[in-house]
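build me a model:
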Amino acid sequence: MTRRVLVGRPAADGVAGEYDAVVVGSGAGGLTTAVCLARQGRRVAVFEQHYTAGGYTHAYRRRGWEWDVGIHYVGQVGRREPVRVLSDYLTGGALRWAPVGEVSDEYRLAGEVHRAPVGFAAHRAELIARFPAERVGIEKLFDLVGRCRAVLPALASGRLSGPVARQLARLLRAAAVPDVAMRPARQVVEELVRDERLRQALLTRSALLLADSTARLPFFLLAVMFEHFRTGAWYPVGGSAAIARAMLDPIRTSGGEVFVRAPVARIELDGARATGVTLADGTRVRAPVVVSAAGAQHTWRTLLADPAAAGADRLDGMRRGFPFVVLFLGLDGDPEELGLPRHNLMVTDGDCDAFFDGTGGRTSGCFLSFSSVKDPTWRARYPGRSTGEILAYVRPELFEPFRGSRWRHREPGYLALKDELTAQLLDLLYRQLPSTRGRVAYHELGTPLTAEHFAGWPGGSLYGLAKDVAAFGDGRSPGLADWLRPRTGIDGLYLSGQDCLAGGFLGAVTGGLLAAHEALDRAGRARLWAGLLRAGVRPPARW
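Numbering: from 1, shown residues only. All right, here's what the predicted structure looks like:
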């Protein structure tokens, strides 16, 4: 069985001079916007600088192995759950998902092992069984998590324009955003439980999945993590490249295309209105709707011909998210033979925040994932082989001395640093999974400079701008990111993806949906939401 991992068509195949809309960047957010517009009859061109579409959802092959680069699992994909409804709407049910299992995460915290079972009741019972003296605090925590379930939708509605949306946002915020939601997660957890081991079991997933200290992350994001994986976790059948591949047909059906190897040099403005884009090769493409899914920093600092437009100086006071390294592993042997876990492993020295707070080493705790176990098509596609990834966050300054060097032409100091970090991560792998010793036949380390080269995120961040308490606000005063809305201050220019609201796959597709809503007229919006409703009411038969 052979499945393509390269998605999109080279721009050399022919770019038209005009479209109904252009989208800069083909990550999950950009593709979501493009498909939503295409399903309302818009002819959309998506421009991607990389050689394949998908952003952090793309996959690549090397020497007979295949890796995903950012999708390790996704929650809320059960029947009629939000991500499943949007997935079915975007792909017509063509994108299938395989459940990870009864446990999606295992935490190894200074040698102590915790598992997060599916379901609030099971998770709460497991924690109470291990920490009976903390029963009251655990029950209060889950009660608070339940109270914060609707915070993300309330905040999302607040990013939309128009009097109806603003009034709805005010009502939702008053009803669904308790004060505790906007307080630092660690502060809230420390008030509820005294046992530091339990605190770490509750906080580690948020720190490692959201790439920040839980002393800065708002509590509602911890609640979002609990809710997102409450009914389990899923992985795309056929690998993460299946996500972008399944979105191609709707775009092409409306006369559009996803162009790769097509970097955008700038967004063109006519006064205070966006009128199209100019590609790096000089090709000019006109469109009344321009959507940037390339991140706020890249959009305002690089793509806009007038970088001072629409209050871009506000970016100066905003933190970037932490950059990362990821070690891609190619192993000889089937996943079952090697005993690779289907669930993800999160490994720390017992303090998930130390690195992010500046008191730990030069790398954070690690996230280990083996997509070859999760994908039911893997064994047919790659018999006798396995792959995995180890991700760790690093300090922004670690790779700063090598900024400006070119991919595949880096200096010796850069290569030496990569070797050091590779040895560190391999040692962790062998200690955590001894069965892999002697079976790693190939490995390569991606760095923040690699991510910046391929994905275009300044500094190589995984999630763009930091999603912290300062960005969201304390519930009484506006946050630093409140101005970053899908409808920008420039007519015809819209922002899509993670910087619209939140990080990760859920945040990206939510940002993509919000951008499409804003870019459509009233009739188009009505059709968009009616289509999503139909996808929820009548989902495709279970796979």
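
what segments of the stretch 301-450 of the chain are helices?
For the stretch 301-450 of the chain, the helices defined by DSSP state H, counting those that start in this stretch cover 335-338, 354-357, 371-374, 378-381, 412-432, 448-455.

can you list the ones you listed in TSV and add distance to residue 404 and mean neighbour count?
Backbone N, C-alpha and C define where each C-beta goes, glycine included. Formatted as TSV, the helices of the stretch 301-450 of the chain follow (distance: least, C-beta to C-beta, whole Å; neighbours: other C-beta atoms under 10 Å):
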stretch	distance to residue 404	mean neighbour count
helix 335-338	40	16
helix 354-357	26	20
helix 371-374	33	26
helix 378-381	39	16
helix 412-432	11	15
helix 448-455	9	21
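
so which of those helices comes closest to residue 45?
Judged by C-beta to C-beta, the one of the helices of the stretch 301-450 of the chain that comes nearest to residue 45 is helix 448-455, at 19.5 Å.

beyond that closest one, next helix or strand please.
Note on helix 448-455: by DSSP states H and E, the next helix or strand toward the C-terminus is helix 469-472.

and the helix or strand just after that following helix, how far from the chain's centre?
Sequence order places strand 493-495 as the next helix or strand after helix 469-472, per DSSP H and E. Relative to the centre of its chain, strand 493-495 is centred 19 Å away, using C-alpha atoms, centre = their mean, to the nearest Å.

next SSE downstream of strand 493-495?
helix 504-519.

what angle separates the next helix-or-strand element following that following helix from helix 504-519?
Heading C-terminal from helix 504-519, the first helix or strand you meet, by DSSP H and E, is helix 522-537. For helix 522-537 against helix 504-519, the angle by axes from the mean of the first three to the mean of the last three C-alpha atoms, to 10 degrees is 140 degrees.

pLDDT below threshold where in the protein?
1-3, 305-311, 475, 541-543 (pLDDT under 70).

most remote residue from it's center?
residue 133 (36.4 Å; C-alpha atoms, centre = their mean).

could you find the closest non-adjacent residue to that one?
In space, and not counting its chain neighbours, residue 133 is closest to residue 195: 7.4 Å by C-beta to C-beta, 6 or more residues apart in numbering.

doesn't residue 135 make contact with that neighbour?
No: counting by C-beta atoms under 8 Å, residue 195 sits too far from residue 135 to count as a contact (11.5 Å).

for the helices of the stretch 301-450 of the chain, could you give me a markdown table that also reports distance to residue 78?
Formatted as a markdown table, the helices of the stretch 301-450 of the chain follow (distance: least, C-beta to C-beta, whole Å):
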| stretch | distance to residue 78 |
| --- | --- |
| helix 335-338 | 24 |
| helix 354-357 | 32 |
| helix 371-374 | 16 |
| helix 378-381 | 23 |
| helix 412-432 | 30 |
| helix 448-455 | 30 |
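
how about those helices, which one is nearest residue 264?
Nearest of those to residue 264, taken as C-beta to C-beta: helix 448-455 at 13.8 Å.

check which helices and strands that closest one sits against.
With contacts defined as 3 or more C-beta pairs under 8 Å, 6 or more residues apart in numbering; DSSP states H and E, the packing partners of helix 448-455 are strand 324-332.

what lines up beside the strand it packs on in the sheet?
Here strand 324-332 is paired, per DSSP bridges, with strand 385-394 (antiparallel), strand 440-446 (antiparallel).

count of neighbours near the residue nearest to residue 273 when sequence neighbours are not counted?
In this structure, residue 273 finds its nearest non-sequential neighbour in residue 491, 4.2 Å apart by C-beta to C-beta, 6+ apart. By other C-beta atoms under 10 Å, the residues close to residue 491 number 14.

residue 491 touches residue 270, doesn't it?
No: using C-beta under 8 Å as the test, residue 491 is too far from residue 270 to be in contact (9.5 Å).

for the residue nearest to residue 472 when sequence neighbours are not counted, give its distance to residue 433.
Spatially, and ignoring its direct neighbours in sequence, residue 472 is nearest to residue 479 (4.4 Å; C-beta to C-beta, 6+ apart). In this view, residue 479 and residue 433 are 41 Å apart by C-beta to C-beta, to the nearest Å.
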